[in-house]
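This is a predicted model, with the sequence first.
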Amino acid sequence: MEANGNLASNNSPRILIVDDEEAFLVTTAEHFVGLGYEVHSAREREEAVALINHFEYALVITDLALTHIGLAGFDVLKEIAEHHLRPKVVVLTGHYEPKVETEARRQGVDVFLRKPQRLTDLASVAASLLSCSGPGMA
Amino acid sequence: MNAPLLTAILGPGGLRTRFQPVFEIDDRGQRVYSLECLTRGPEGTLFEEADLLFDYVRRKQAESLVDRECIATALRTYAQFGINIRLGINVHASSLGRDADLATFLLTAAERFAIPATSLMVEVVEHAPAWNQPQFLRNLAALRRAGVCIALDDVGLGRSNYQMILDCLPDVFKLDAYLVHGAHADPARMAVVECLLNLARRLDARVVAEGVDNEMDLGALRDIGMTMFQGNLFCPALSFSAVVMHLQTQQRANLQLLGK
């Protein structure tokens, strides 16, 4: 098992990015690594849930549409909700309907964003969320 | 289904096997009883670690696919060295319950690599709550008929419980490291271990203590009559060639101690 807590060994906040679009995932992960975060990434629900069960994250950024059918991202939100040390959660999705946003917020999502977003804006949202969640955050 | 990680796991080089010996210690000395195959995921990824790898695999309900790949990888590696040490292969109970041909697959693969079934020990592991018990029992019976030894892995933890002991009637109980770590200083742990040791004796089974990492736990376990141990105190999980080298070095050191 890796180090416990939602900080990496170098005290960088550990974040998880979940999206099935490889290009988006790689670009976003690289951007956050460049800002000093420890970044894990997952392309599918089962991968994300396994990671959430093994690591503590300060922040999870997830899409909701992780497969061609349905909104598997809600399963990720459900898993997060069951954790004692719940990370901050940003939903970033192209699948927008008011009822989807309402349901996501009901499941404890802190920020709901529509794609596309500029990486600098997404990083600002992350920094803002983490600045009010404890010591050592960005 | 879009599952790039599963594709990587099942692809060339996606799974690697490490081997850790189980030692038998008694008045006559120390001998290798078996080698357990321990699977690692794709190198350089977070899923290299077995707990995380198999958590993902179980969530994908791909235990059977991955178990088959682990079996093939382990047998292929083992066969290259031509060494006659009992080989312990982990197989999910859910795979034995879902995959009607799993016993046949294992026995056929062993035959292809010229490995006698009597040199194999299937170590049943389980984390899933539900599986097909009749199918599971048919696969176990087929393995037993062929001469494969049956062990129950991680006894005392999760699904490796009394129900599973009764279903499997294992030849070998492998006590989970959770029961073993710190046992020397914990009367409650020792009580549980002793209870399982007595149960195994009643069922004519042998017992291995997993996760033996220090002399104090080893001493306490030997004091209650345990004779089989696995853990970093003896040898960490290594590649097959490294394990063989480790064992040869150990054997030479033992011979020197005996003045031979």
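Looks like it arrived, so ask away.

C-alpha from now on. contacts and neighbour counts both.
Will do.

Walking through chain A, point out its helices one by one.
A:22-34, A:45-54, A:73-81, A:98-106, A:119-131 (DSSP state H).

Of those, give the one that comes closest to residue B:49.
Proximity to residue B:49 (C-alpha to C-alpha) singles out helix A:45-54 among the helices of chain A, at 10.6 Å.

Quick check: buried residues in that closest one?
A:45, A:46, A:47, A:48, A:49, A:50, A:51, A:52 (16 or more other C-alpha atoms under 10 Å in any protein chain shown).

what's the answer for stretch A:78-90, then?
Buried residues in stretch A:78-90, counted by 16+ other C-alpha under 10 Å: A:79, A:80, A:86, A:87, A:88, A:89, A:90.

Could you list the low-confidence segments of the stretch 151-260 of chain B?
For the stretch 151-260 of chain B, applying pLDDT under 70 flags the ranges B:253-260.

mind redoing it with 80?
B:159-160, B:250-260 (pLDDT under 80).

can you pull out the strands in it?
Remark: strands assigned in the stretch 151-260 of chain B by DSSP state E, counting those that start in this stretch are B:172-175, B:206-209, B:228-229.

what does chain A have sitting close to chain B?
Residues of chain A lying close to chain B by C-alpha under 8 Å from any C-alpha of the partner chain are A:1, A:43, A:44, A:46, A:47, A:49, A:50, A:51, A:54, A:67.

In contact with residue B:124, which residues?
B:90, B:91, B:92, B:93, B:150, B:151, B:152, B:153 (C-alpha atoms under 8 Å, 6 or more residues apart in numbering or on different chains).

Buried subset of those as a ChimeraX selection?
Selection of the buried residues among those in ChimeraX, burial being defined by 16+ other C-alpha under 10 Å:
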select /B:90,91,92,93,150,151,152,153
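
so who does residue B:40 touch?
Counting by C-alpha under 8 Å, 6+ apart, residue B:40 touches B:15, B:16, B:17, B:18, B:47, B:48, B:49, B:50, B:53.

and the residue of the stretch 101-250 of chain B found nearest chain A, helix, strand or coil?
Here the residue of the stretch 101-250 of chain B nearest chain A is residue B:127; by C-alpha to the nearest C-alpha that distance is 13.8 Å. Secondary structure state of residue B:127, per DSSP: H, G, I helix; E, B strand; the rest coil, is coil.

just the helices in chain B please.
So, for chain B - with DSSP H - the helices run B:4-10, B:50-59, B:63-81, B:93-98, B:102-112, B:133-145, B:162-168, B:177-180, B:187-202, B:215-223, B:240-257.

so can I have JSON lines of the ones you listed showing distance to chain A?
What follows is the helices of chain B, written out as JSON lines (distance: least, C-alpha to the nearest C-alpha, whole Å):
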{"stretch": "helix B:4-10", "distance to chain A": "8"}
{"stretch": "helix B:50-59", "distance to chain A": "5"}
{"stretch": "helix B:63-81", "distance to chain A": "13"}
{"stretch": "helix B:93-98", "distance to chain A": "18"}
{"stretch": "helix B:102-112", "distance to chain A": "25"}
{"stretch": "helix B:133-145", "distance to chain A": "25"}
{"stretch": "helix B:162-168", "distance to chain A": "25"}
{"stretch": "helix B:177-180", "distance to chain A": "15"}
{"stretch": "helix B:187-202", "distance to chain A": "23"}
{"stretch": "helix B:215-223", "distance to chain A": "22"}
{"stretch": "helix B:240-257", "distance to chain A": "23"}
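
No further questions, thank you.
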